[in-house]
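1. Prediction below, plus the sequence it came from.
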Amino acid sequence: MATLLAPEDLEKLKRHLVDTRGLDLSQYSDAFLERRLLARMGHNQIGTFKDYMGLLAKTPVEYQKLIDSLTINVTGFFRDNELSEKTLNPIFDGLWSRSGTQIRPMVIWSAGCATGQEPYTVAMVVDSYVTQRASLGLKYQILATDFNEEQLKAARPGLYPKAAMSAVPAHYRSKYLRDHGDKVQVADSLVKKVQFKRHDLATHPPIDHIDLILCRNVMIYFTTPAKNQILHRFHRCLTPRGILILGASEIVLLHGIFKTVDREHKIYTKIDSDQEVS
Ligand SMILES: C[S@@+](CC[C@H](N)C(=O)[O-])C[C@H]1O[C@@H](n2cnc3c(N)ncnc32)[C@H](O)[C@@H]1O
(Lines give C-alpha, C1' and ligand atoms only; values in the text may rest on other atoms or scores of the structure.)
Protein backbone atom coordinates (compact mmCIF):
# COMPACT_ATOMS: atom_id res chain seq x y z
CA MET A 1 0.00 0.00 0.00
CA ALA A 2 2.71 2.50 0.99
CA THR A 3 4.55 4.15 -1.89
CA LEU A 4 8.14 5.35 -2.25
CA LEU A 5 9.09 8.32 -0.15
CA ALA A 6 10.45 11.63 -1.37
CA PRO A 7 13.89 12.68 -0.04
CA GLU A 8 12.23 15.66 1.67
CA ASP A 9 9.92 13.27 3.58
CA LEU A 10 12.95 11.53 5.08
CA GLU A 11 14.54 14.88 5.92
CA LYS A 12 11.30 15.96 7.61
CA LEU A 13 11.19 12.79 9.68
CA LYS A 14 14.85 13.15 10.69
CA ARG A 15 14.23 16.74 11.82
CA HIS A 16 11.14 15.65 13.74
CA LEU A 17 13.08 12.89 15.55
CA VAL A 18 15.83 15.33 16.54
CA ASP A 19 13.37 17.99 17.72
CA THR A 20 11.07 15.70 19.68
CA ARG A 21 13.38 12.93 20.94
CA GLY A 22 16.93 14.18 20.42
CA LEU A 23 17.47 11.24 18.07
CA ASP A 24 19.96 12.22 15.39
CA LEU A 25 19.70 9.92 12.38
CA SER A 26 21.53 12.25 10.00
CA GLN A 27 24.33 9.69 9.56
CA TYR A 28 22.02 6.77 8.81
CA SER A 29 21.72 5.58 5.25
CA ASP A 30 18.52 6.80 3.54
CA ALA A 31 17.85 3.36 2.05
CA PHE A 32 17.76 1.87 5.55
CA LEU A 33 15.49 4.62 6.92
CA GLU A 34 13.13 4.33 3.96
CA ARG A 35 12.81 0.55 4.33
CA ARG A 36 11.93 0.86 8.01
CA LEU A 37 9.50 3.73 7.51
CA LEU A 38 7.68 2.01 4.65
CA ALA A 39 7.38 -1.13 6.76
CA ARG A 40 5.69 0.83 9.60
CA MET A 41 3.40 2.59 7.08
CA GLY A 42 2.48 -0.75 5.52
CA HIS A 43 1.83 -2.27 8.94
CA ASN A 44 -0.62 0.54 9.71
CA GLN A 45 -2.12 0.38 6.21
CA ILE A 46 -1.19 3.99 5.59
CA GLY A 47 -0.31 5.04 2.04
CA THR A 48 1.15 8.51 2.40
CA PHE A 49 3.90 10.03 4.48
CA LYS A 50 1.60 12.91 5.48
CA ASP A 51 -0.98 10.51 6.93
CA TYR A 52 1.73 8.58 8.74
CA MET A 53 3.07 11.78 10.35
CA GLY A 54 -0.54 12.47 11.43
CA LEU A 55 -0.69 9.03 13.06
CA LEU A 56 2.64 9.62 14.84
CA ALA A 57 1.36 12.92 16.24
CA LYS A 58 -1.62 11.28 17.92
CA THR A 59 -0.29 7.80 18.75
CA PRO A 60 2.71 7.70 21.14
CA VAL A 61 2.77 3.89 20.94
CA GLU A 62 3.33 3.99 17.17
CA TYR A 63 6.02 6.63 17.66
CA GLN A 64 7.92 4.33 20.00
CA LYS A 65 7.42 1.41 17.57
CA LEU A 66 8.91 3.48 14.77
CA ILE A 67 11.92 4.39 16.92
CA ASP A 68 12.40 0.75 17.92
CA SER A 69 12.23 -0.35 14.29
CA LEU A 70 14.74 2.35 13.27
CA THR A 71 17.10 1.21 15.99
CA ILE A 72 16.32 -2.50 15.42
CA ASN A 73 16.69 -3.80 18.91
CA VAL A 74 17.12 -7.50 18.23
CA THR A 75 19.56 -8.94 20.74
CA GLY A 76 20.02 -11.98 22.98
CA PHE A 77 22.10 -13.65 25.68
CA PHE A 78 25.07 -15.48 24.15
CA ARG A 79 23.73 -14.34 20.76
CA ASP A 80 24.95 -16.69 17.99
CA ASN A 81 27.35 -18.06 20.60
CA GLU A 82 29.88 -15.41 19.54
CA LEU A 83 30.72 -14.21 23.05
CA SER A 84 31.58 -17.60 24.55
CA GLU A 85 34.49 -18.17 26.94
CA LYS A 86 36.28 -19.87 24.04
CA THR A 87 36.27 -16.54 22.17
CA LEU A 88 36.66 -14.16 25.11
CA ASN A 89 39.12 -15.89 27.46
CA PRO A 90 42.10 -15.60 25.07
CA ILE A 91 41.23 -11.89 24.70
CA PHE A 92 41.22 -11.46 28.49
CA ASP A 93 44.56 -13.34 28.71
CA GLY A 94 46.07 -10.87 26.22
CA LEU A 95 44.57 -7.75 27.77
CA TRP A 96 45.54 -8.68 31.31
CA SER A 97 49.07 -9.62 30.28
CA ARG A 98 49.84 -6.00 29.32
CA SER A 99 51.96 -4.29 31.92
CA GLY A 100 50.07 -2.32 34.55
CA THR A 101 46.65 -3.82 33.77
CA GLN A 102 46.57 -6.16 36.76
CA ILE A 103 46.49 -3.29 39.23
CA ARG A 104 43.54 -1.40 37.71
CA PRO A 105 40.08 -2.56 36.64
CA MET A 106 39.83 -3.64 33.01
CA VAL A 107 37.16 -1.56 31.28
CA ILE A 108 34.77 -3.18 28.81
CA TRP A 109 32.33 -1.10 26.74
CA SER A 110 29.23 -2.59 25.15
CA ALA A 111 28.36 0.13 22.62
CA GLY A 112 24.79 -0.23 21.32
CA CYS A 113 23.82 -2.58 24.17
CA ALA A 114 20.04 -2.60 23.44
CA THR A 115 18.20 -4.19 26.41
CA GLY A 116 21.35 -5.39 28.16
CA GLN A 117 21.71 -9.01 27.08
CA GLU A 118 25.13 -8.38 25.52
CA PRO A 119 26.76 -6.63 28.54
CA TYR A 120 25.28 -9.19 30.97
CA THR A 121 26.61 -11.99 28.74
CA VAL A 122 30.12 -10.57 28.80
CA ALA A 123 29.72 -9.92 32.54
CA MET A 124 29.08 -13.65 33.13
CA VAL A 125 32.15 -14.65 31.10
CA VAL A 126 34.54 -12.09 32.57
CA ASP A 127 33.31 -12.62 36.12
CA SER A 128 33.84 -16.34 35.78
CA TYR A 129 37.35 -15.72 34.37
CA VAL A 130 38.23 -13.46 37.30
CA THR A 131 36.75 -15.83 39.89
CA GLN A 132 38.79 -18.74 38.54
CA ARG A 133 41.94 -16.63 39.02
CA ALA A 134 40.95 -15.19 42.41
CA SER A 135 44.53 -15.15 43.69
CA LEU A 136 45.45 -12.54 41.03
CA GLY A 137 42.85 -10.05 42.35
CA LEU A 138 41.77 -9.01 38.83
CA LYS A 139 39.08 -6.34 38.59
CA TYR A 140 36.77 -5.22 35.78
CA GLN A 141 34.06 -2.66 34.99
CA ILE A 142 31.44 -2.80 32.25
CA LEU A 143 29.97 0.25 30.62
CA ALA A 144 26.87 -0.35 28.50
CA THR A 145 25.52 2.41 26.27
CA ASP A 146 22.73 2.90 23.79
CA PHE A 147 20.96 5.93 22.39
CA ASN A 148 17.50 4.51 23.00
CA GLU A 149 16.58 5.41 26.60
CA GLU A 150 13.60 3.01 26.62
CA GLN A 151 15.95 0.09 26.04
CA LEU A 152 18.31 1.24 28.79
CA LYS A 153 15.36 1.44 31.19
CA ALA A 154 14.49 -2.16 30.36
CA ALA A 155 18.13 -3.24 30.76
CA ARG A 156 18.98 -1.75 34.15
CA PRO A 157 17.06 -4.15 36.48
CA GLY A 158 18.52 -7.29 34.81
CA LEU A 159 15.10 -8.98 34.76
CA TYR A 160 14.17 -11.05 31.69
CA PRO A 161 11.57 -13.56 30.52
CA LYS A 162 12.68 -17.16 31.12
CA ALA A 163 12.68 -17.86 27.38
CA ALA A 164 15.38 -15.22 26.88
CA MET A 165 17.81 -17.39 28.84
CA SER A 166 17.67 -20.53 26.72
CA ALA A 167 21.14 -19.97 25.20
CA VAL A 168 22.85 -19.33 28.56
CA PRO A 169 25.20 -22.27 29.32
CA ALA A 170 24.11 -24.30 32.37
CA HIS A 171 27.15 -23.46 34.50
CA TYR A 172 26.46 -19.73 34.13
CA ARG A 173 22.75 -20.18 34.82
CA SER A 174 23.35 -21.80 38.20
CA LYS A 175 25.95 -19.21 39.15
CA TYR A 176 24.45 -15.97 37.84
CA LEU A 177 20.68 -16.36 37.35
CA ARG A 178 17.82 -16.67 39.85
CA ASP A 179 14.15 -17.43 39.21
CA HIS A 180 11.96 -14.46 40.01
CA GLY A 181 8.27 -15.38 39.56
CA ASP A 182 7.79 -16.03 35.85
CA LYS A 183 11.03 -14.17 35.05
CA VAL A 184 14.72 -14.62 35.61
CA GLN A 185 16.88 -12.19 37.55
CA VAL A 186 20.56 -11.63 36.77
CA ALA A 187 22.58 -11.87 40.01
CA ASP A 188 22.89 -8.62 41.91
CA SER A 189 26.68 -8.89 41.89
CA LEU A 190 26.62 -8.65 38.05
CA VAL A 191 23.87 -6.03 37.83
CA LYS A 192 26.02 -3.80 40.04
CA LYS A 193 29.00 -4.24 37.71
CA VAL A 194 27.23 -2.95 34.59
CA GLN A 195 26.77 0.78 34.33
CA PHE A 196 24.11 1.75 31.75
CA LYS A 197 24.28 5.19 30.18
CA ARG A 198 22.76 6.97 27.19
CA HIS A 199 25.33 7.62 24.49
CA ASP A 200 24.96 8.30 20.77
CA LEU A 201 27.80 6.78 18.79
CA ALA A 202 27.24 9.14 15.88
CA THR A 203 27.31 12.43 17.75
CA HIS A 204 28.62 12.09 21.31
CA PRO A 205 32.34 12.33 22.15
CA PRO A 206 34.12 8.99 22.57
CA ILE A 207 34.59 7.49 26.03
CA ASP A 208 38.23 7.26 27.16
CA HIS A 209 40.45 4.46 28.53
CA ILE A 210 38.54 1.43 27.26
CA ASP A 211 40.31 -1.94 27.00
CA LEU A 212 37.67 -3.90 25.09
CA ILE A 213 34.85 -2.54 22.92
CA LEU A 214 31.93 -4.68 21.79
CA CYS A 215 30.00 -2.94 19.04
CA ARG A 216 28.01 -5.71 17.47
CA ASN A 217 25.19 -5.32 14.98
CA VAL A 218 25.17 -1.54 15.31
CA MET A 219 27.43 -0.32 12.47
CA ILE A 220 24.93 -1.71 9.96
CA TYR A 221 22.79 1.39 10.27
CA PHE A 222 25.45 3.89 9.36
CA THR A 223 26.68 5.38 6.11
CA THR A 224 30.28 4.54 5.17
CA PRO A 225 31.64 7.98 6.27
CA ALA A 226 29.85 7.63 9.63
CA LYS A 227 31.24 4.09 10.09
CA ASN A 228 34.74 5.39 9.37
CA GLN A 229 34.33 8.20 11.87
CA ILE A 230 33.11 5.82 14.58
CA LEU A 231 36.02 3.46 13.90
CA HIS A 232 38.50 6.32 14.33
CA ARG A 233 36.77 7.32 17.56
CA PHE A 234 37.02 3.72 18.84
CA HIS A 235 40.72 3.76 17.98
CA ARG A 236 41.18 6.91 20.00
CA CYS A 237 39.38 5.64 23.09
CA LEU A 238 41.10 2.23 23.28
CA THR A 239 44.13 1.68 25.51
CA PRO A 240 47.29 0.32 23.79
CA ARG A 241 46.63 -3.04 22.10
CA GLY A 242 42.95 -2.68 23.05
CA ILE A 243 40.42 -4.92 21.33
CA LEU A 244 37.33 -4.22 19.21
CA ILE A 245 34.69 -6.86 18.48
CA LEU A 246 32.10 -6.22 15.76
CA GLY A 247 29.04 -8.24 14.75
CA ALA A 248 29.45 -11.28 12.49
CA SER A 249 27.92 -9.69 9.40
CA GLU A 250 29.61 -6.31 9.69
CA ILE A 251 32.08 -5.01 7.18
CA VAL A 252 34.34 -2.07 7.94
CA LEU A 253 37.54 -0.75 6.41
CA LEU A 254 40.34 -0.96 8.96
CA HIS A 255 42.21 2.12 7.64
CA GLY A 256 45.53 0.82 8.99
CA ILE A 257 44.43 1.66 12.53
CA PHE A 258 43.18 -1.84 13.45
CA LYS A 259 44.48 -5.24 12.52
CA THR A 260 42.54 -8.48 12.40
CA VAL A 261 42.96 -10.95 15.25
CA ASP A 262 40.15 -13.35 14.29
CA ARG A 263 38.38 -12.82 10.97
CA GLU A 264 35.53 -15.24 11.69
CA HIS A 265 34.59 -13.63 15.00
CA LYS A 266 35.32 -10.07 13.80
CA ILE A 267 37.94 -9.41 16.47
CA TYR A 268 40.41 -6.58 15.86
CA THR A 269 43.26 -5.02 17.81
CA LYS A 270 44.24 -1.39 17.87
CA ILE A 271 47.44 -0.55 16.03
CA ASP A 272 49.32 1.96 18.16
CA SER A 273 51.26 4.71 16.44
CA ASP A 274 54.60 3.08 17.34
CA GLN A 275 53.55 -0.31 15.86
CA GLU A 276 54.07 -1.56 12.31
CA VAL A 277 50.91 -1.49 10.15
CA SER A 278 50.21 -4.98 8.73
C1 LIG B 1 20.57 -4.80 16.83
S2 LIG B 1 20.86 -3.98 18.36
C3 LIG B 1 22.36 -4.77 18.81
C4 LIG B 1 22.40 -5.13 20.28
C5 LIG B 1 23.65 -5.88 20.71
N6 LIG B 1 24.85 -5.12 20.43
C7 LIG B 1 23.70 -7.24 20.02
O8 LIG B 1 24.44 -7.42 19.06
O9 LIG B 1 22.96 -8.12 20.45
C10 LIG B 1 21.41 -2.41 17.82
C11 LIG B 1 21.42 -1.37 18.93
O12 LIG B 1 22.17 -0.26 18.46
C13 LIG B 1 21.57 0.90 19.01
N14 LIG B 1 21.98 2.06 18.22
C15 LIG B 1 21.64 2.38 16.95
N16 LIG B 1 22.19 3.54 16.60
C17 LIG B 1 22.91 3.96 17.67
C18 LIG B 1 23.68 5.12 17.93
N19 LIG B 1 23.82 6.08 17.01
N20 LIG B 1 24.28 5.23 19.13
C21 LIG B 1 24.13 4.28 20.08
N22 LIG B 1 23.37 3.18 19.91
C23 LIG B 1 22.78 3.02 18.71
C24 LIG B 1 20.08 0.60 18.91
O25 LIG B 1 19.32 1.43 19.76
C26 LIG B 1 20.04 -0.88 19.27
O27 LIG B 1 19.81 -1.05 20.63
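-> Nice, thanks for sending it over.
2. what does this structure put close to the ligand?
-> Residues of the chain lying near the ligand by Cβ under 6 Å from any ligand atom: 71-75, 79, 112-114, 118, 146-148, 151, 200-202, 216-218, 221, 247. Bear in mind the C-beta positions are built from the backbone N, C-alpha and C, glycine included.
3. can you count the residues close to the closest residue to Val130 other than its chain neighbours?
-> By the measure of Cβ to Cβ, 6 or more residues apart in numbering, the closest residue to Val130 outside its immediate chain neighbours is Leu138, 4.7 Å from it. Using other Cβ atoms under 10 Å, Leu138 is surrounded by 19 other residues.
4. Leu138 and the ligand, how far apart?
-> Taking Cβ to the nearest ligand atom, to the nearest Å as the measure, Leu138 falls 25 Å from the ligand.
5. I figured that residue hits Ser97, correct?
-> No. Contact criterion Cβ atoms under 8 Å: Leu138 and Ser97 do not qualify, at 11.4 Å.
6. Outline the domain layout of the chain.
-> Domains of the chain are assigned by automatic domain parsing as 7-70, 79-270.
7. average pLDDT across the last one?
-> This means domain 79-270. Across domain 79-270, pLDDT averages out at 93.
8. just how off-centre is that domain within its chain?
-> Relative to its chain's centre, domain 79-270 lies at 8 Å (Cα atoms, centre = their mean, to the nearest Å).
9. List buried residues within the residues of the chain next to the ligand.
-> Using 16 or more other Cβ atoms under 10 Å as the burial test, those include 71, 73, 75, 79, 112-114, 118, 146-148, 151, 201-202, 216-218, 221, 247 as buried.
10. Tell me the buried residues in stretch 132-150?
-> Under 16+ other Cβ under 10 Å, the buried positions of stretch 132-150 are 138, 140-148.
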